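Asker: how would this look folded up:
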Amino acid sequence: MTNKIYIKWVLIIGLLVSLFGNIILYSELTNKNSLLVQGTFQLGSGSTATYLLLDDKGNFCRYTQEKGILNQGIYQALDKGFYTLIDNNDNTYCMVRTFDGIYLFSKDNKTVDLYKKLASYLVLYQTSTDYWPDWCKSP
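Answerer: Got it, this is the predicted structure:
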């Protein structure tokens, strides 16, 4: 008789743990803030890292600490999680936002890089504010 009660409680506890796990997973998957595209994303590490900055008005900038700004321009949403980037030289790039970060395809679509989320705000590693596009500067 005690074995049946023990098994019953183990099953109830297992069911509750599964239920709470599913609730947490569902809330994470439906959280609108978890896949925001705005912020700073990083490819690589250290002084050779490439950074991708995206603001909430549709501007983007890619830079390294060594070379400075690589390109900048605008981005537009195509569909949920899918974006197109157009730089100042009219080069077009495809971008996909996932839980892993941002996958940025090269302009010829032959390579893809994964930029990991570094911060939900813009991170600028240069000291001179003259270096940055106007949309990156504080008012």
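Asker: report the next helix or strand after the helix or strand bottoming out on mean pLDDT in the chain in sequence order.
Answerer: Lowest by mean pLDDT, DSSP states H and E among the helices and strands of the chain is helix 2-30, with a mean of 77. Note on helix 2-30: by DSSP states H and E, the next helix or strand toward the C-terminus is strand 39-43.
Asker: list the pairing partners of that next one within its sheet, with orientation.
Answerer: Sheet pairing of strand 39-43 (DSSP bridges) gives strand 50-54 (antiparallel), strand 112-119 (antiparallel).
Asker: just say which of the ones you listed is most tucked in.
Answerer: With neighbours defined as mean count of other CB atoms under 10 Å, those peak in mean count at strand 50-54, which reaches a mean of 23. Bear in mind the C-beta positions are built from the backbone N, C-alpha and C, glycine included.
Asker: what pLDDT, on average, does that one get?
Answerer: Averaged across strand 50-54, pLDDT comes to 93.
Asker: in three-state terms, label the nearest residue to residue 91 once chain neighbours are set aside for me.
Answerer: In this structure, residue 91 finds its nearest non-sequential neighbour in residue 107, 4.8 Å apart by CB to CB, 6 or more residues apart in numbering. At residue 107 the chain is in coil, as set by DSSP: H, G, I helix; E, B strand; the rest coil.
Asker: look up how far residue 80 lies from residue 107.
Answerer: Applying CB to CB, to the nearest Å, the value for residue 107 to residue 80 is 23 Å.
Asker: kind regards, and thank you for your time.
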